[in-house]
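[1] take a look and give me a structure for this.
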Amino acid sequence: MTWWTYIFPKTVLRTSSRFNQDIRVVEEYGKNKLLVNGARQSGVYVEKLWKEAISAFGLIPSDSPYSIVVLGVAGGTVIHLLRDLYPLSTIIGVDIDTTMIDIGKKYFGLDQLQNILFHVADVRNFLNKETKQHRYDIVVLDIFNGWSVPDFVFEDTFLDHLASLRKANGTLIINYIGEKEYRPKSDILFTKLRERFPMVKDKVVYLNRLFFATGKSR
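    Numbering: from 1, shown residues only. Reported below is the predicted structural model:
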C-alpha cells in the first residue's frame with residue numbers, strides 16, 4: 001500500500017470476465033476496494049456496512065467450530081469478518097465467477113486465511129446439490145451483479161433451499177439493496193422470510209437492507 005493513495009486513488013487492476021464487464025481493484029486510503037460494474041463490493045464502505053449489520057443482529061465471537069457457507073465471494077469482506085468472529089470455523093465460499101475468487105485471494109488476503117474452501121458454481125446449482133448432503137450453522141447470501149440482485153432470490157424454491165441449507169436452528173443472513181425500485185422488492189423478501197422463519201430481523205445500512213433469519217423453518 002502507498003501513502004499517496006490517501007489523496008489520489010490508484011487503479012491496480014482493471015479486467016473483465018464472462019460474468020462481469022468491468023472489474024476494478026482500486027487502492028484508496030491505503031486499502032484496496034473492489035468495484036464491479038461500477039458498484040462497490042469490497043473495501044472500507046462494505047466493511048462498515050457488514051460490521052453494523054453484525055452488531056445489529058447480535059452476532060458474538062465464539063470458539064465453537066461452526067460450519068459457514070458464504071454465497072457470493074467478491075473480495076471476501078464478510079468472510080474476513082466471520083473468520084475474526086469464529087476463528088475455528090470452516091468457511092465455504094461460493095461464486096459463479098472464478099475471476100472474483102482469484103481477485104479475493106490476490107488483492108484481499110483470502111489466500112492467507114485458514115480453513116477456507118472455495119467452489120466455482122452457480123449458487124442455484126450449488127444449493128440443489130448441497131441441500132441433499134450438508135447443513136450449515138450460518139448461511140450468508142451476498143449475491144450482486146454490479147448494482148443489481150438476481151430476481152431468482154425471490155423464488156420460493158430458492159428460498160426453501162436456503163432455509164433447508166441451515167441446521168435446525170441455524171442462521172441465514174441476506175445482503176440486499178434497500179433503495180429506489182429495490183425498496184418494495186426488499187419488503188416482499190422480508191414477507192417471504194417471515195413466512196419461513198419464526199424470527200426475522202432487518203437492518204438498513206447506507207443503501208443496503210440486510211436480513212437475519214433464524215429458528216426452525218416453518
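
[2] any regions of this structure where pLDDT drops low?
    Across the chain, the ranges flagged by pLDDT under 70 are 1-7.

[3] in this protein, which spans are strands?
    Along the chain, the segments classed as strands by DSSP state E run 10-15, 23-28, 31-36, 39-42, 67-71, 90-95, 116-120, 136-141, 166-177, 199-205, 208-214.

[4] can you redo these as JSON lines with distance to Thr191?
    Every C-beta, even on glycine, is put in place using the N, C-alpha and C of the backbone. Listed next are the strands of the chain as JSON lines, based on distance: least, C-beta to C-beta, whole Å:
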{"stretch": "strand 10-15", "distance to Thr191": "39"}
{"stretch": "strand 23-28", "distance to Thr191": "34"}
{"stretch": "strand 31-36", "distance to Thr191": "29"}
{"stretch": "strand 39-42", "distance to Thr191": "26"}
{"stretch": "strand 67-71", "distance to Thr191": "21"}
{"stretch": "strand 90-95", "distance to Thr191": "26"}
{"stretch": "strand 116-120", "distance to Thr191": "30"}
{"stretch": "strand 136-141", "distance to Thr191": "17"}
{"stretch": "strand 166-177", "distance to Thr191": "13"}
{"stretch": "strand 199-205", "distance to Thr191": "9"}
{"stretch": "strand 208-214", "distance to Thr191": "11"}
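
[5] just the buried positions in stretch 121-137, please.
    Val123, Phe126, Leu127, Glu130, Thr131, Tyr136, Asp137 (16 or more other C-beta atoms under 10 Å).

[6] sorry, back to before: out of the strands of the chain, flag the one nearest Lys48.
    Nearest to Lys48 among those is strand 199-205; the distance by C-beta to C-beta comes to 7.9 Å.

[7] buried residues, that closest one. List them.
    Judged by neighbour count using 16+ other C-beta under 10 Å, the buried positions of strand 199-205 are Val200, Lys201, Asp202, Lys203, Val205.

[8] and Ser186, how far from Val36?
    20 Å (C-beta to C-beta, to the nearest Å).

[9] one step back: nearest to Ile103 among the buried residues of stretch 121-137?
    Val123 (18.3 Å).

[10] residue contacts, that closest one?
    Leu71, Gly72, Val94, Ile96, Leu141, Ile143 (C-beta atoms under 8 Å, 6 or more residues apart in numbering).

[11] would you reformat the buried residues of stretch 121-137 as CSV and include distance to Thr11?
    Converted to CSV, these look like this (distance: C-beta to C-beta, whole Å):
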residue, distance to Thr11
Val123, 29
Phe126, 32
Leu127, 35
Glu130, 36
Thr131, 40
Tyr136, 36
Asp137, 38
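
[12] those residues in helices, which ones?
    If you go by DSSP state H, the buried residues of stretch 121-137 have Val123, Phe126, Leu127, Glu130 in helices.
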